[in-house]
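Undergrad: sequence first, then the predicted structure, then my questions.
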Amino acid sequence: MTNDTTKPTDERPNGQNAEERGILSRVSKWLKKPGKPGEGESPSAGQTSNQASGRTDSAPPSGGPPRPEGEAASPTGGRPRRRKRPPRRRSKSPKPEGQQTEATAEGMQPTPVPTEAVKQKAAVPARPPRQRSPRPRKDAEHSKETPAPSESRPSAKGDTTLKLLINTDEPEECRLVLLEGGRVESFYVETVSQAQTKGNIYKGRVTAVEANLQAAFVDYGTEKNGFLPFGDIHPEYYANEVAADTHWKDLPIQDVLSKGQEVLVEVVKEATGNKGATLTTYLSLPGRYLVLMPGSDSAGISRKIESEEERNKLREMIESVSIPEGIGYIVRTASQEITKTALAQDVRYLLNLWKEIKKKGQTEKAPALLHKEQNIVSRFLRDHFTSEITEILVDAEEALTQVNNFLELLPAAQRKSTVAKLHKGIQPLFHQYHVEKQIEQIYQPTVPLHSGGSIVINPTEALVAIDVNSGRTGKDKSFEDAIFLANMEAAEELSRQLRLRDLGGLIVVDFIDMRDSKHIREVEKKVRDCMKRDKAKVDFSKISKFGLMQISRQKMAAPVAVGSYRICPHCQGRGMVRSVETQALVHFRHIQTGVTRKDVKRVICRLPMEVAQYILNKKRQDLMELEQEHQVEINIIPDSAMPPTESKIDFLKE
């Protein structure tokens, strides 16, 4: 007859002795050291049943008393019935003395120390040892390690506050960095050698009219003439009267524009390479809340203001402000939640600025600068400042004054959460916030990704090629999931790099080929979502069957690297130079060709050190044969100061 293991110990016959025997038995079995088979006690029937069911301990998982030795197994699959017990309250008090044991020889059962505390605490069930958590099933492990194809990898939750760092302590360079949680999200730099001309207004003179290009070239006071397309010429500059409904494409440019004509032009695109700046006669004067467009009759509100209630409110405010006829405007995104007074001040300032420009245009002689765009600090605050920027740190008093003056002009709702401070630390501002290394990464062609892959960016004059490499992304992952993860990370990083480097034009991204169409759509959606933060106008194509995606991005300014780097004089932008052996052979062939001319009696070759040594050591016999055959004297002069790609070879007649 088996005992009812579901009953509490105090309801069994001989409760006190049974309780004490059960406690001592459990304590001894918990503390028993594992031994080899055959050592110590032989397992009981209950232990054998537990081992067969995958359990190695004799105590039930519920913490109840073990089945006595020789007890028959439960008819339910060899497992005893379990009883429910209340949740255990863990006590932080030290272990009772009754549960202390004395160490015995290895392989033998430890003997409990008999104390009175055991009898007193017999009614309290002893705490079982910690059970190892069961191993998860294979399908659970797979679902945990391999994310669903439609889900992107979750980003680490961190600090998302925005900080603006302004470094102006050096007069040669001014740098601005926008940090989001310690990561560089925007970077702007202006140097003395590469000052921005975009937004400047000049009085220029037409130097050439090209009918084939349907454009004109304008001298506006710089080294290179500006390029003025026919579509950017205002009708007021036409030499002949034209019907109002006539499109410029239906007119020949040579009939409406003449050489030597004076025009007011604005720079809309910086000069790059051999190309001059792109100009327009449709002038625009940007303010904080709206853009004034003299000579235009268009009016509108930024599309990024989606609330119809807010748009109607802005329309009523702008109608109450008197703007003269013939001047258009566009209300900017920053005008949300502004007051009528702030908008009126902005309009008044821009109208006064336009009067000064017109006055200068009537008195100055072409070419002349009529209006210079504000410095980089003022431009950033005007165009990119938002109330989400919680802190502005500057390292110069002059810049701090400029920032405070700007903040004072803002409505209280837009500046209430922003604080401007002067950096007073021992370390430079950018070093203290670990920004310098991130800035250096902007100038590198290879950008590492978080999971081990990388993207390689190669800009040309009008096209940017971006290649995605998986690298070590596929470690411990399936092939398709590894490719998907690399492409998702690349989609997020390339949108950030395009903003940081200010790359524009046609951008071709070579993603890793994906087989699943769902993955392809996810990557396309990721690119579109990440590019929403970009101020520039962007257009996308779908990923083609070759894994290529085309992106058209508006050029906001010259690339960042233009003002900080110059073309290497040794490699001329190729990124590599010829080896010593190849250069030596090139110069030797030049000597061979030169000595065949008539009346050449002497050759003086001034070459880099390594190239000269190679010719003197490896080509000595060939030089002697040339001298004997053509009766000339060949002098090889090593020059340690000469760059490796330069040389000077003189053929003298005596």
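TA: Nice, thanks for sending it over. Numbering: from 1, shown residues only.

Undergrad: quick check: N212 vs V595, distance?
TA: When Cβ to Cβ, to the nearest Å is the yardstick, N212 and V595 sit 49 Å from each other. C-beta coordinates here come from the backbone N, C-alpha and C atoms, glycine included.

Undergrad: got it, and W354?
TA: Counting by Cβ to Cβ - W354 and V595 are separated by 71 Å.

Undergrad: next one: C571
TA: 30 Å.

Undergrad: have a look at those two and say which one is more surrounded.
TA: Remark: of C571 and V595, V595 carries more neighbours, 20 against 13, as counted by other Cβ atoms under 10 Å.

Undergrad: that one contacts E633, correct?
TA: No: counting by Cβ atoms under 8 Å, V595 does not reach E633; the two are 10.0 Å apart.

Undergrad: anything in contact with each of those two?
TA: V603 (Cβ atoms under 8 Å, 6 or more residues apart in numbering).

Undergrad: next one: phi and psi at V586?
TA: phi -60, psi -50 (degrees, to the nearest 10).

Undergrad: contacts only, for it.
TA: R578.

Undergrad: same check on M531?
TA: 495, 498, 538, 540, 551.

Undergrad: farthest-separated two in these?
TA: Greatest spatial distance among the contacts of M531 (Cβ to Cβ): L498 and F540, at 12.2 Å.

Undergrad: compare neighbour counts for the two and give me the winner.
TA: L498 (22 against 16).

Undergrad: what is the burial count for the residue nearest to the more buried one when sequence neighbours are not counted?
TA: Take L498 and drop its neighbours on the chain: the residue closest to it by Cβ to Cβ, 6 or more residues apart in numbering is R553, 6.1 Å away. Per other Cβ under 10 Å, the neighbour tally for R553 reads 22.

Undergrad: pLDDT value on R553, please?
TA: You'll see R553 listed with a pLDDT of 91.

Undergrad: that one and G505 touch, don't they?
TA: Yes: the criterion here is Cβ under 8 Å, and R553 meets it with G505 at 7.0 Å.

Undergrad: please identify the helix or strand for the most centrally placed residue in the chain.
TA: Nearest to the geometric centre of the chain sits R496, at 3.7 Å (Cα atoms, centre = their mean). Here R496 sits within helix 479-501, counting by DSSP states H and E.

Undergrad: repeat for L393
TA: strand 389-394.

Undergrad: could you do S322 as well?
TA: Using DSSP H and E, no helix or strand contains S322.

Undergrad: report the rounded mean pLDDT for stretch 616-634.
TA: 90.

Undergrad: all strands of the stretch 351-500 of the chain, in order?
TA: For the stretch 351-500 of the chain, strands defined by DSSP state E, counting those that start in this stretch occupy the ranges 368-371, 389-394, 419-422, 446-448, 454-459, 463-469.

Undergrad: including mean neighbour count, could these go into CSV?
TA: Putting those into CSV (neighbours: other Cβ atoms under 10 Å) gives the following:
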stretch, mean neighbour count
strand 368-371, 16
strand 389-394, 20
strand 419-422, 14
strand 446-448, 15
strand 454-459, 17
strand 463-469, 18
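
Undergrad: in CSV, list the ones you listed along with mean pLDDT and distance to C174.
TA: What follows is the strands of the stretch 351-500 of the chain, written out as CSV (pLDDT from 0 to 100; distance: least, Cβ to Cβ, whole Å):
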stretch, mean pLDDT, distance to C174
strand 368-371, 93, 20
strand 389-394, 92, 11
strand 419-422, 92, 16
strand 446-448, 91, 25
strand 454-459, 92, 24
strand 463-469, 92, 26
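
Undergrad: nearest to F651, out of the ones you listed?
TA: The nearest among these, by Cβ to Cβ, is strand 454-459 at 41.0 Å.

Undergrad: ok, E337 - contacts?
TA: 310, 411, 413-414.

Undergrad: nearest to Y349, of these?
TA: Looking across the contacts of E337 and measuring by Cβ to Cβ, the closest to Y349 is P411, at 15.6 Å.

Undergrad: and that closest one, how many neighbours does it have?
TA: Neighbours of P411 (other Cβ under 10 Å): 15.
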